[in-house]
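got a predicted model here, sequence first, then my questions.
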Amino acid sequence: MDVAENKALHGIVIPACPAILTQLTNELRSPLINSKKIASLIGQDVGIAAMVIRTANSPLVGGGRRIASIADAVKMLGFGSLANLVNEALLQNTISTQGGALDRFWDSSRYTAIAAKRLARVVGRVNPETAYTFGLFHDCGIPLLTQKHPEYKEVLRQCNDSTDRVFTDIEEAAIGTNHAILGYYLARTWGLADSVTLGILSHHDYAQLEDPRNISSEAHRLIAINVMAEYIASTHLRTVQDEEWLKARDAVSVCLGYVPSDLDDIADDQIYQLDEALNHGEQEA
């Protein structure tokens with residue numbers, strides 16, 4: 001680790017990539033993907049396997065299909081979706097705190113990822129599974145800061161309430177680093193695509209959505225989709241709405257090629273679909 005990186009991390013240790021994820025990634029990148037091998041790798045950890053099956057059976061992911069095994073998950077969901085479920089399970093297992101302090105965070109991350117995947121199908125030019133990965137990992141620096149800095153919850157409240165300051169600037173002023181930097185290093189350590197890692201690093205820099213700098217067009221679209229997905233997820237979950245969508249809305253419309261009112265219509269439709277999926281799942285239960 002060089003001096004600049006050590007300073008950016010501000011004494012926070014980035015969790016190493018779990019061995020099972022490295023093995024799974026290598027298998028998925030093989031020209032001859034072996035579904036039995038993939039199922040076997042996931043099945044080596046009972047906790048991860050159970051979480052994958054439980055998540056796959058949710059109405060928002062499995063669409064009402066009942067999945068009883070990892071082999072069923074491979075057949076029904078496909079390799080890309082399955083890899084994202086494993087990423088989610090490993091991320092939660094790796095970054096954890098005592099008690100349920102992060103339950104709301106994980107719910108927000110999951111629904112943001114789901115909304116991002118759905119939005120990618122609507123607006124195009126981004127792989128939906130990549131959008132899901134971005135939504136899942138974009139804020140993964142937040143629990144790392146929560147563990148390191150007891151005062152961070154108050155800093156986070158200030159970030160969410162601010163109508164004019166950049167989110168990460170407030171973090172920098174208070175604790176000397178920010179969650180986007182930590183998320184970038186974790187995503188890079190875990191071997192995620194450059195468009196995801198660099199997008200995470202810049203996901204609160206909305207000015208560059210209108211004036212692209214330094215990162216790919218895919219990364220810009222991932223950032224834009226994710227900001228919108230966060231708004232959809234927070235509205236669906238009835239959590240306190242932060243100011244980020246209001247800050248980013250015009251820049252997102254430029255990046256994605258929609259007028260703001262059309263984005264509002266798309267968001268409203270996605271919120272309705274999430275609400276209906278949840279209600280349908282509750283009725284089935």
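Noted; the coordinates are in hand.

any chance you could map the helices in the stretch 151-285 of the chain?
Assigned helices in the stretch 151-285 of the chain, in chain order: 152-161, 167-175, 179-189, 194-201, 207-210, 217-237, 244-256, 260-284 (criterion: DSSP state H, counting those that start in this stretch).

meant to ask about the stretch 1-150 of the chain
Assigned by DSSP H, counting those that start in this stretch, the stretch 1-150 of the chain shows helices spanning 3-9, 19-28, 35-43, 46-56, 70-94, 103-123, 128-137, 141-148.

check contacts around the closest residue to Arg110 other than its chain neighbours.
What sits nearest to Arg110 in space, not counting adjacent residues and going by CB to CB, 6 or more residues apart in numbering, is Glu88, at 6.8 Å. (Each C-beta comes from the backbone N, C-alpha and C, glycine too.) Shown in contact with Glu88 (CB atoms under 8 Å, 6 or more residues apart in numbering): Met51, Thr55, Ser109, Arg110, Ala113, Leu136.

and for Ser69?
With the criterion set at CB under 8 Å, 6+ apart, Ser69 makes contact with Ala39, Ile53.

Asp211 versus Ile114, what's the distance?
For Ile114, the distance to Asp211 equals 30 Å [CB to CB, to the nearest Å].

between the two, which one's more packed in?
Ile114 (24 against 8; other CB atoms under 10 Å).

local confidence estimate at the residue nearest to the more buried one when sequence neighbours are not counted?
With sequence-adjacent residues excluded and distances taken as CB to CB, 6+ apart, Ile114 is closest to Leu60, at 5.3 Å. For Leu60, the pLDDT comes out at 70.

OK, contacts around Leu60?
Counting by CB under 8 Å, 6+ apart, Leu60 has contacts Tyr111, Ile114, Leu274, Ala277, Leu278, Gly281.

list the contacts for the second one?
Contacts here follow CB under 8 Å, 6+ apart; on that basis Ile114 touches Leu60, Val61, Tyr132, Gly135, Ala233, Leu274.

again, 10 Å this time
By CB atoms under 10 Å, 6 or more residues apart in numbering, the residues touching Ile114 are 58, 60-61, 131-132, 135-136, 229, 232-233, 236, 270, 274, 277.

flag the shaky bits of the stretch 1-150 of the chain, pLDDT-wise.
For the stretch 1-150 of the chain, applying pLDDT under 70 flags the ranges 1-7, 61-65, 97-101.

I'd assumed Asn84 was in contact with Lys117.
Yes. Using CB atoms under 10 Å, Lys117 and Asn84 qualify as a contacting pair, with a distance of 8.4 Å.

would you map out the domains in the chain?
Segmentation of the chain into domains, based on automatic domain parsing, reads 16-94, 101-285.

from those, which stretch is densest packed?
Among the domains of the chain, judged by mean count of other CB atoms under 10 Å, the one packed with the most neighbours on average is domain 101-285 (a mean of 19).

so Ile12 versus Gly191, what's the distance?
With distances taken as CB to CB, Ile12 is found 20 Å from Gly191.

how much space separates the closest residue to Gln23 other than its chain neighbours from Ile95?
Sequence neighbours aside, Leu41 is the residue nearest to Gln23 in space, at 5.5 Å (criterion: CB to CB, 6+ apart). Summarising the geometry, the distance separating Leu41 from Ile95, computed by CB to CB, is 21 Å.

what do you get for Gly47?
As it turns out, when the distance is counted by CB to CB, Gly47 lies 15 Å from Ile95.

go on, His203?
Using CB to CB, one obtains 18 Å as the distance from His203 to Ile95.

got it, and Ala207?
Going from Ala207 to Ile95 by CB to CB gives 30 Å.

quick check: closest non-adjacent residue to Ala207.
Distance criterion CB to CB, 6+ apart; nearest residue to Ala207, sequence neighbours excluded, is Ala251 at 6.9 Å.

can you tell me which residues contact the one you found?
With contacts defined as CB under 10 Å, 6+ apart, Ala251 is in contact with Asp205, Tyr206, Ala207, Gln208, Leu209, Glu210, Asp211, His220, Ile223, Ala224, Val227.

my guess is Ser81 contacts Thr130. True?
No. Checked against CB under 10 Å, the pair Ser81 and Thr130 is beyond contact range at 11.8 Å.
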